[in-house]
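J.: the following block contains a protein sequence and its predicted model.
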Amino acid sequence: MQDFEILEKKQIERWGKNATEDLLRLGLEWEQLDNKSTLDVGAGPALIGESAKLKGLEVMSIDNNPKSWKKEDNVEIPKVPYIIADAEKLPFPNETFDLVISHAGPFVNTYTKESLIKMISEAQRVLKNNGELRFGPGNLNANIFTDEELFTPEEEIFSISERVERIKEKSLQFLKSIDQNFEQIIDKDNKLYDPKCLGYYKLIKK
């Protein structure tokens, strides 16, 4: 446990956050990864995979461009299961994982609906029956919607908080058009960008 605590302190020093915080923003604790095969999509520096390894947990990390998150030349991918791959074309057989997670990854950063649909389809494909997809934090990228989809001309004067609320509504509406079982779990104060908040999307494969 001492090694785990040291690692998470080092993660905060380098990245300003650690794996436990990322999991908490997805409503997860380490115990929920016990006896599960987990895929971390858009893993970047593999904080979750690195910490999971010390806990004896099975986490596969993927990212399509690991160099993009390097803050300095000597940053290397930790020695954990890690594959360079695209979320729209996962290199795994059907029904491989119990849990697919993505913290601040491609699901909430993509600029197109088509890309998001492909990523969700791939996540569902590699999930076992009753497996779970979780991604967040916050809403979907507002750029996947046109201005006309989000606001009427009269609503262009919406305040920032009203705009965030509208994007939240449209995001969940769009996800439910893909699969009616999508849920958004969010803290009661709606502080989506508070580092300690809960704010994520959840889908259980039926």
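T.: Happy to help now that I have it.

J.: list the backbone torsions phi and psi for Asn181.
T.: The phi and psi values for Asn181, taken as degrees, to the nearest 10, are phi -80, psi 0.

J.: residues of the longest strand belonging to the chain that come out buried?
T.: Longest among the strand segments of the chain by residue count, using DSSP state E, is strand 127-136. For strand 127-136, the neighbour count (16 or more other CB atoms under 10 Å) marks 127, 131-136 as buried. The C-beta positions use only the backbone N, C-alpha and C, and glycine is treated the same way.

J.: identify the bridge partners of the most centrally placed residue in the chain.
T.: In the chain, the centroid-proximal residue (CA atoms, centre = their mean) is Ser102; its distance is 2.2 Å. When bridges are called by DSSP bridges, Ser102 pairs up with Phe135.

J.: what sits against it?
T.: 40-42, 87, 108, 134-136 (CB atoms under 8 Å, 6 or more residues apart in numbering).

J.: where do the helices sit along this structure?
T.: All helices of the chain, identified by DSSP state H, fall at 2-15, 19-25, 47-54, 106-109, 113-126, 147-150, 160-178.

J.: would you format these as JSON lines with mean neighbour count included?
T.: As requested, those are exported to JSON lines (neighbours: other CB atoms under 10 Å):
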{"stretch": "helix 2-15", "mean neighbour count": "13"}
{"stretch": "helix 19-25", "mean neighbour count": "21"}
{"stretch": "helix 47-54", "mean neighbour count": "23"}
{"stretch": "helix 106-109", "mean neighbour count": "20"}
{"stretch": "helix 113-126", "mean neighbour count": "18"}
{"stretch": "helix 147-150", "mean neighbour count": "12"}
{"stretch": "helix 160-178", "mean neighbour count": "15"}
